[in-house]
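J.: Could you work out the structure for the sequence below:
(chains A and B)
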2 protein chains.
Amino acid sequence: MASDIHHRTEDFRTVYRAALKDLKEVLGTANDVLMFSSSGTGAMEAAVSNLFSRGDKVIVCTAGKFGERWVEMASAFGLDATVLKSEYGDVVAPERVEAALAANPGVRGVFVQASETSTGAAHDVRAMAQAVAKTDAIFVIDAITGFGTMPLDIDGWGLDVVVGGSQKAFMIPPGLAFLTLSQKAWRFAETSNLPHFYFNLKKEKKNADAGESSWTPSTSLILGLGAALEYIKQVGMDKLIENAQLLARATREAALALGLELFAAGSPGSSVTAIKAPQGMDSGVIVKQFKSRFGAIIANGQGSMKGQIFRIAHLGYFDFTDLFAVIAGLEVILAANGYPVTYGTGVAAVQRVYAEAALPKTTLVS
Amino acid sequence: MASDIHHRTEDFRTVYRAALKDLKEVLGTANDVLMFSSSGTGAMEAAVSNLFSRGDKVIVCTAGKFGERWVEMASAFGLDATVLKSEYGDVVAPERVEAALAANPGVRGVFVQASETSTGAAHDVRAMAQAVAKTDAIFVIDAITGFGTMPLDIDGWGLDVVVGGSQKAFMIPPGLAFLTLSQKAWRFAETSNLPHFYFNLKKEKKNADAGESSWTPSTSLILGLGAALEYIKQVGMDKLIENAQLLARATREAALALGLELFAAGSPGSSVTAIKAPQGMDSGVIVKQFKSRFGAIIANGQGSMKGQIFRIAHLGYFDFTDLFAVIAGLEVILAANGYPVTYGTGVAAVQRVYAEAALPKTTLVS
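T.: I've put the predicted structure just below:
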């Protein structure tokens, strides 16, 4: 048999139960955690199609491509969305959410990205949660690149639905999505009238309690997730977040040391750092040369930002040695394309951040 | 980076385009083929939520657990379904489909399983297709275990939508689903009004034409599928089907030689053979002992058939050596549980089928 493990066996149930339990543990929540074999977008859809009804008033925060995904999804399912839009690179201020909730009585849900992957910006989820908690609405958060890169106190802050995926800080290939559900969120499932089948929260919960998934799951990825969760438990979720935050800071320092301008400078997140390409240089050239010269993958801007910015990820299984190499490569590529660079300038900035965080204060660094 | 291949790169586009092209080739169709990162059930839902509208009249054939899935799905999306039901182990006769189409003018779709995995029965898809082709309805076939185990001439027979998955005859772990779409089916997408987002055929088609998937795909599984398709092209889809058919026949002969009774004896398919447990023996005991004694996986019955039947799969990467071992193991397990067995009786039946198919006629066998 080519398959790895059969999904209707006690062996699989043991693996699946452990993965769900470990996921709860590393996410630090007492809420239910459910998993789907899909991209993270599937779990986003599960929240919409299982908890809301046609015509429900909702508030959608958008400040980039993934915010637009919430907007499109709300539209696809016939929700009545008030859209709070900010420009790419900016964020939606919590005060706007509070004001919109006050101005729109009867709002049933508020949607946001914890970390807007397309720009590298991070939303103030905690402050937004405080505003939402005072109302009858539920707070639905796409944390696909938020988990493992920023603190998200699901239970303490009252985050009703939080969506994650396997391929970011969880360090395995894409194909699994999961979400957490508060009791307040579950009550919404009682009245929702939108059609859904594959993404069925109640059915998935019932099956998960029996150690199974509703449909044939991505068994190989679940085995991988189990191993990744073991690693995360060993390292500690807090440490994983600190690591991403430190690397993000080092990346920003390096960019600034090289005279580059940061994108989303006001509210930088720690999953990915977006940097503006130098004047007159297409960011796609930088991305392509990372691949051709060093076999390394960084990302171009998305949508209208394509060609304008490049994005360096530093979440999950990513450490200073990776960042030393990426910044050194960046220096070479910038120089090769006519941008004035003193080799080592950016790397030195990364080294200083590392030294400050990890070396005894008496170490001589300059 | 822990990820295998980034999905917004030319490397991935090359892999994805090749996988879709090879899939078309091995399925032998000129119709569009689209892929989703989900269980096969996701592609079933895609057909329902993208091609039909609330209240559409449809005919659903059901003769087992997966037929019931079509029924539940039609209900979840508010379709007006006429259900043609047959008992587990039986099939829905094509004449009933023809009669139902005649009795229900305006039917928009007919749903069936090519191979009903829960019972091992195979439907006469070709004859049903002839009946549907005369009408304005489209024919939607779950071929998750049909592909690679029975001839399915998609274009020649006019099969409008055919759904497959990665984990059966395609021999890789679960997590990818795909479907084929005829021009007649695409026309239905123009009028469908059901909400959908993750499973969006038009969007997926547009992205597939550009070598991408709409959402982050299961990259590792797509790489695996590419390798599996290379293998299938090398072996030949016809040979893969013949192999499954021969192994299915050998499994039936072995069961009969051991004095066991076949389930779905009237219309046996070649993906899986369902066999009734001997009187007084729980089929779950046989399944469990396969695992504990031989580390081998066979399946129990599903739903009401649990404890009554056991199912031996023989599709994809499965050959006579596997079947020799499975039948020998079965003999031991039956004997260990008090069923009278002459060791080797079932194996000999398999050997005779093999010899007849593969050895020169002059070989001495008994």
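
J.: Can you pull out the low-pLDDT segments for chain A?
T.: Counting by pLDDT under 70, chain A has low-confidence residues at A:1-4, A:363-366.

J.: let's go with 90 and repeat that
T.: A:1-11, A:166-172, A:295-296, A:302-304, A:316-318, A:358-366 (pLDDT under 90).

J.: Now do the buried residues in stretch A:257-276.
T.: A:257-258, A:260, A:262-265, A:267-276 (16 or more other CB atoms under 10 Å in any protein chain shown). C-beta coordinates here come from the backbone N, C-alpha and C atoms, glycine included.

J.: nearest spatial neighbour of the residue of the stretch 1-150 of chain A found nearest chain B, skipping sequence neighbours?
T.: Residue nearest to chain B within the stretch 1-150 of chain A (CB to the nearest CB): residue A:39, separated by 3.8 Å. Excluding the flanking residues, the one nearest residue A:39 by CB to CB, 6 or more residues apart in numbering or on different chains is residue B:215, at 3.8 Å.

J.: Neighbours of that neighbour, how many?
T.: When neighbours are defined as other CB atoms under 10 Å in any protein chain shown, residue B:215 has 25 of them.

J.: mind listing the helices for chain A?
T.: With DSSP state H as the criterion, chain A has helices at A:10-27, A:40-51, A:65-76, A:94-103, A:125-133, A:154-157, A:183-189, A:201-209, A:219-235, A:237-257, A:283-294, A:320-336, A:345-358.

J.: Show me what from the stretch 151-300 of chain A comes close to chain B.
T.: Within the stretch 151-300 of chain A, the positions near chain B by CB under 8 Å from any CB of the partner chain are A:165, A:167, A:171-175, A:194-199, A:215-221, A:291, A:297, A:299-300.

J.: quick one: which of the buried residues of stretch A:257-276 sit in strands?
T.: Judged by DSSP state E, the subset of the buried residues of stretch A:257-276 located in strands is A:272, A:273, A:274, A:275, A:276.

J.: which residues does the closest residue to the last one other than its chain neighbours contact?
T.: The spatial neighbour of residue A:276 that comes closest, neighbours along the chain excluded (CB to CB, 6+ apart), is residue A:261 at 4.4 Å. Contact partners of residue A:261, counting by CB atoms under 8 Å, 6 or more residues apart in numbering or on different chains, are A:255, A:275, A:276.

J.: One more: residue A:349?
T.: A:250, A:253, A:254, A:256, A:257, A:327.

J.: Please apply the same query to residue A:265.
T.: Per CB under 8 Å, 6+ apart, neighbours of residue A:265: residue A:89.

J.: before we move on, what about residue A:144?
T.: A:40, A:66, A:115, A:117, A:163, A:164, A:165, A:168.

J.: Reformat those residues as TSV; add neighbour count.
T.: Output for those, formatted as TSV (neighbours: other CB atoms under 10 Å in any protein chain shown):
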residue	neighbour count
A:40	28
A:66	22
A:115	33
A:117	23
A:163	26
A:164	29
A:165	29
A:168	26
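
J.: most tightly surrounded among the helices of chain A?
T.: helix A:40-51 (a mean of 26; mean count of other CB atoms under 10 Å in any protein chain shown).

J.: Would you agree residue A:337 is in contact with residue A:280?
T.: No. Shown here, residue A:337 and residue A:280 do not form a contact pair, counting by CB atoms under 8 Å, at 9.4 Å.

J.: ok, back up a step: how many neighbours does the residue of the stretch 1-150 of chain A closest to chain B have?
T.: What residue A:39 shows, counting by other CB under 10 Å, is a neighbour count of 28.

J.: likewise residue A:30?
T.: Neighbours of residue A:30 (other CB under 10 Å): 11.

J.: okay but residue A:269 is in contact with residue A:122, surely?
T.: Yes. Using CB under 8 Å, residue A:269 is in contact with residue A:122, at 3.2 Å.

J.: In this structure residue A:333 contacts residue A:286, no?
T.: Yes. Counting by CB under 8 Å, residue A:286 is a contact partner of residue A:333 at 5.6 Å.

J.: Compute the distance between residue A:30 and residue B:135, please.
T.: According to CB to CB, to the nearest Å, residue A:30 and residue B:135 sit 54 Å apart.

J.: so what's residue A:257 closest to, chain neighbours aside?
T.: residue A:349 (3.9 Å).

J.: That neighbour and residue A:61, how far apart?
T.: In this view, residue A:349 and residue A:61 are 32 Å apart by CB to CB.

J.: One more: residue A:25?
T.: From residue A:25 to residue A:61 the distance is 29 Å (CB to CB).
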